[in-house]
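J.: With the sequence up front, the predicted model follows.
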Amino acid sequence: MSNQPEAPAKGKDFIRQIIDRDLEDGKYGDRVHTRFPPEPNGYLHIGHAKSICLNFGVAAEYKGQCNLRLDDTNPVKEDTEYVDSIREDVRWLGFDWEDRQFFASDYYHLFYDVAELFIRMGCAYVDNLSADEIREYRGTLKTPGKNSPYRDRSVAENLELFRSMRDGKFEDGACVLRAKIDMASPNVVLRDPALYRIKHAHHHRTGDEWCIYPMYDFAHCLSDAFENVTHSICTLEFENNRPLYDWVLDTLLEGLKNESLFADCPEFLAELKAHPGFSARPYQYEFARLNITGTVLSKRKLIQLVQEGHVSGWDDPRMPTISGFRRRGYTPESIRDFCDRIGVAKADSTVESALLEHCLRQDLNERAPRYLGVLNPLKVVIENYPEDQEDVFEMPLHPEDESMGTRKVPFGREIYIERDDFMENPPKKFFRMGPGREVRLRFAYYVTCTDVIKDENGEVIELRCTYDPETKGGWSKDGRKVKGTMHWVSARHAVQAEVRLFDKLFTVDNPNAAEEGKTFVDYINPESLEVLTDCLVEPALAEMQPGTNFQFERTGYFCADLRDHVPGEKLVFNRTATLRDSWAKIQKQMKK
RNA sequence: UGGGGUGUAGCCAAGUUGGUAAGGCAACGGGUUUUGGUCCCGUCAUUCGAGGGUUCAAGUCCUUCCACCCCAGCCA
């Protein structure tokens, strides 16, 4: 819009304040390096968008870099289907990791070498306790744990055992590699956490090369360091893990000081030293994850919605997934704007879905071209309009943006209007059509309703009107006022379309807080999807491409469906959002 | 007193050497309008989870208490 520099962001969030401080201190020189590290075991949702905008946004603001890292340390849950969707969604949101797409599995050999180093340092051991026994030995939140009987094995024995683990000599679960920290720590994360477990499972990238896989706490901080990340930003639930993040990195750094530990593997030492991530190591910072009213944002619950068929798939337009929003017609700009506005802090919070809708409408209001479409058609015959006459009106595609141009809309003796736009006994505040009333057909003519035709059940099936030829274009020289302005389509030219109306997926603000004996599934809104198959739209929409956003004047923002809409053949439009509706508000007040 | 966090309006959120509560959403009034849309204008915290204390002055400092969230996966 203007060349003015953007007003300095007043009140930066705590993450950016930390970065400012680190930059001042020269902690990493002038480097700022972040990463977005999803596990490829599900589709990205709006909560991830917050993290993506934060990580990529911060990097861009500070002229730094942000990596895409697929945190694939658990082969039984992960799949390439998910890595493909993640890549697509991050890109769609408008972010670019350039050549920095990494996988935790890229570092499997390095992780392994670090594990052996920890063993040589006497900081890790192979434990033969069963999973159940480990749990027992861990103690409880309020009572300390106790040492495993295998805790004091010799370095040589641990090394041999660990190599045997790697070489596939043990069954799944036979033993694990554990960090030797403190079984009495008040933080249970530090009670000798597992570093490696045996899983004879096929990995989506490394195949059958490995049968031992690193745990998150071990792999994540090391991956950050290998990638020279400076600020490792994650969500609040990892706060308890931060001491372990620090322990792993600091232990490695400590080991680095003793070159004799690398006698057998000098190239490993050299490789580690080549990473700036070890001369100035990354630190972890935690922010509150996003919650939004009226939906669920946990992978487990989203996957349940898909698997139990409550929705049509991950990209069902009612889903809070990125792909769902995309198909619904949300724009990446609106989602980014939303993420900017909600802020980044440490307090648990739930943002009202109204804010997201606001961001959407604000964006779409500016960019969506306008069209006319009638969702529930009611026939209107204009009796004094000649049978063989026809008008073609050139209408602006946008009321405030002339540069968007115009489109031609045909008009004829028979038209359709919205059923809701007619009332036989209209109340005072109803500014639409009624018997004897004169209204404006948008950009066409003033018409006056002269007759109401009903079927045998008393249902209104057709209206008769007259029009004033002097009001062509929708205005009159005498400046007389009409009751309102309505949208319409020409009966002869209209194109049939399917319109899908979406409402919120859940009937309550917080489906997570289910009452006794219920689950979030019990709050699914049975009317969240309404399909209208007999809609009539203006002919200009016939060739619209899938994914195009537009507005049906007076009824809402829509988007040609990405899957089912076929230009010229089958028109399928998703309602992205309604327009703000003050008439609905008035109706509500009248009911009271 | 197991440990780690967080409490500012209906929602989100600034407030950083103590100086007299930003902004956005929602809501509610009004104006403009060929979309009951958009846009514009206005209203909306004597008070910062509660109590006590220090101070001329406290959301900010001290103190006691309360509430909520996270942690006992060989998940991330």
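T.: Cool, got the structure.
J.: mind listing what's buried in the helix or strand that contains residue A:234?
T.: Assessed by DSSP states H and E, residue A:234 sits inside strand A:231-235. Using 16 or more other Cβ atoms under 10 Å as the test for burial, strand A:231-235 gives A:231, A:232, A:233, A:234. Glycine gets a C-beta too; all of them are placed from N, C-alpha and C.
J.: Return the set of residues that bridge with the first one.
T.: Think residue A:231. Taking DSSP bridges as the rule, residue A:231 bridges to residue A:283.
J.: pretty sure it is touching residue A:17, no?
T.: No: in this structure residue A:231 lies outside contact range of residue A:17 using Cβ atoms under 8 Å: 11.6 Å.
J.: and the stretch 401-550 of chain A, which residues reach RNA strand B?
T.: Remark: the part of the stretch 401-550 of chain A in contact with RNA strand B comprises A:429-432, A:440, A:442-443, A:473-475, A:484-486, using Cβ under 7 Å from any atom of the strand.
J.: For the buried ones among these, write the corresponding ChimeraX selection.
T.: In ChimeraX syntax, the buried subset of these is picked out as below (16+ other Cβ under 10 Å):
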select /A:430,431,432,440,442,443,474,484,485,486
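J.: and which of the buried residues of strand A:231-235 is nearest RNA strand B?
T.: The nearest member of those to RNA strand B, counting by Cβ to the nearest atom of the strand, is residue A:234 at 8.8 Å.
J.: Identify each buried residue in the worst-scoring helix or strand of chain A on mean pLDDT, please.
T.: The weakest-scoring helix or strand in chain A, judged by mean pLDDT, DSSP states H and E, is helix A:276-279 (a mean of 84). The neighbour-count check on helix A:276-279 (16+ other Cβ under 10 Å) flags A:277, A:278 as buried.
J.: which residues touch the strand holding residue A:234?
T.: A:15, A:18-19, A:22, A:32-35, A:37, A:51, A:54-55, A:58, A:220-221, A:224, A:245, A:282-289 (Cβ atoms under 8 Å, 6 or more residues apart in numbering).
J.: helix or strand right after that strand?
T.: Of the helices and strands lying after strand A:231-235 in sequence (DSSP H and E), the nearest is helix A:242-256.
J.: Run the angle between the following helix or strand past that following helix and helix A:242-256 for me.
T.: Beyond helix A:242-256 on the C-terminal side, the first helix or strand identified by DSSP H and E is helix A:266-273. Angle, helix A:266-273 to helix A:242-256, by axes from the mean of the first three to the mean of the last three Cα atoms, to 10 degrees: 130 degrees.
J.: Now do helix A:266-273: everything it contacts.
T.: A:110, A:113, A:117, A:252, A:256, A:259, A:262, A:278.
J.: what distance separates the strand holding residue A:234 from the middle of the whole chain?
T.: Centre-to-centre, strand A:231-235 and its host chain are 18 Å apart (Cα atoms, centre = their mean, to the nearest Å).
J.: when you check RNA strand B, which of the contacts of strand A:231-235 turn up near it?
T.: Within these, those near RNA strand B by Cβ under 7 Å from any atom of the strand are A:220, A:288.
J.: and stretch A:536-555, which residues are buried?
T.: Buried residues in stretch A:536-555 (16+ other Cβ under 10 Å): A:536-541, A:544, A:548-555.
J.: Actually, stretch A:283-296.
T.: Those would be A:283-296, for stretch A:283-296 by 16+ other Cβ under 10 Å.
J.: got it, and stretch A:243-260?
T.: For stretch A:243-260, by 16+ other Cβ under 10 Å, it's A:244, A:245, A:247, A:248, A:249, A:251, A:252, A:255, A:256.
J.: circling back: and the strand holding residue A:234 with helix A:242-256, angle?
T.: Going by the same axes, to 10 degrees, strand A:231-235 makes 150 degrees with helix A:242-256.
J.: Counting by contacts, list what whatever helix or strand residue A:28 lives in packs against.
T.: Element membership for residue A:28 (DSSP H and E) is strand A:27-30. Helices and strands touching strand A:27-30, by 3 or more Cβ pairs under 8 Å, 6 or more residues apart in numbering; DSSP states H and E: there are none.
J.: Run through who's touching it.
T.: A:22, A:23, A:230, A:276, A:280.
J.: Among these, name the buried ones.
T.: For these, buried by 16+ other Cβ under 10 Å: A:22, A:23, A:230, A:280.
J.: Relative to residue A:22, how far out is the nearest residue to the last one once chain neighbours are set aside?
T.: Nearest in space to residue A:280, with sequence neighbours left out and distances taken as Cβ to Cβ, 6 or more residues apart in numbering, is residue A:28 at 5.0 Å. Residue A:28 sits 6 Å away from residue A:22 when distances are taken as Cβ to Cβ, to the nearest Å.
J.: what residues are shared contacts of the two?
T.: Contact criterion Cβ under 8 Å, 6+ apart; residues shared by residue A:28 and residue A:22: residue A:230.
J.: hang on, the earlier thing: got the buried residues of strand A:231-235 as TSV, with pLDDT columns?
T.: Output for these, formatted as TSV (pLDDT from 0 to 100):
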residue	pLDDT
A:231	98
A:232	98
A:233	98
A:234	98
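J.: Next, format these as a markdown table and append distance to RNA strand B.
T.: Output for these, formatted as a markdown table (distance: Cβ to the nearest atom of the strand, whole Å):
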| residue | distance to RNA strand B |
| --- | --- |
| A:231 | 16 |
| A:232 | 13 |
| A:233 | 14 |
| A:234 | 9 |
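J.: Kindly indicate which of those lies nearest residue A:123.
T.: residue A:232 (21.4 Å; Cβ to Cβ).
J.: what stretches of the stretch 151-300 of chain A score poorly on pLDDT?
T.: Under the criterion pLDDT under 70, no range of the stretch 151-300 of chain A is flagged.
J.: Residue numbers of it in contact with RNA strand B?
T.: So the stretch 151-300 of chain A meets RNA strand B at A:172-173, A:175-176, A:186-189, A:193-194, A:197-199, A:213, A:215-217, A:220, A:236-241, A:288 (Cβ under 7 Å from any atom of the strand).
J.: Narrow the contacts of strand A:231-235 to those in strands?
T.: A:33, A:34, A:35, A:283, A:284, A:285, A:286, A:287 (DSSP state E).
J.: Quick check: closest non-adjacent residue to the last one.
T.: Spelled out, that is residue A:287. Nearest non-adjacent residue to residue A:287 (Cβ to Cβ, 6+ apart): residue A:344, at 5.0 Å.
J.: Phi and psi next, for that neighbour.
T.: With angles defined as degrees, to the nearest 10, residue A:344 sits at phi -130, psi 120.
J.: Go ahead and confirm residue A:335 touches residue A:359.
T.: Yes: with contact defined as Cβ under 8 Å, residue A:335 and residue A:359 form a contacting pair (7.5 Å).
J.: So these two - more neighbours on which side?
T.: residue A:335 (25 against 22; other Cβ atoms under 10 Å).
J.: in which helix or strand would I find that one?
T.: In the assignment (DSSP H and E), residue A:335 maps to helix A:332-342.
J.: Who are the packing partners of that helix?
T.: Counting contacts by 3+ Cβ pairs under 8 Å, 6+ apart, helix A:332-342 is packed against helix A:46-61, helix A:353-367.
J.: among these, which is nearest residue A:158?
T.: Per Cβ to Cβ, nearest to residue A:158 of these: helix A:46-61, 37.0 Å.
J.: Just the closest residue of the stretch 351-500 of chain A to RNA strand B, please.
T.: Distances between the stretch 351-500 of chain A and RNA strand B by Cβ to the nearest atom of the strand are smallest at residue A:474, namely 2.4 Å.
J.: residue contacts, that residue?
T.: Residue A:474 neighbours (Cβ under 8 Å, 6+ apart): A:440, A:441, A:442, A:443, A:444, A:445, A:446, A:485.
J.: The third one and residue A:489 touch, don't they?
T.: So the one you mean is residue A:442. No: Residue A:442 is not in contact with residue A:489 according to Cβ under 8 Å; the separation is 10.8 Å.
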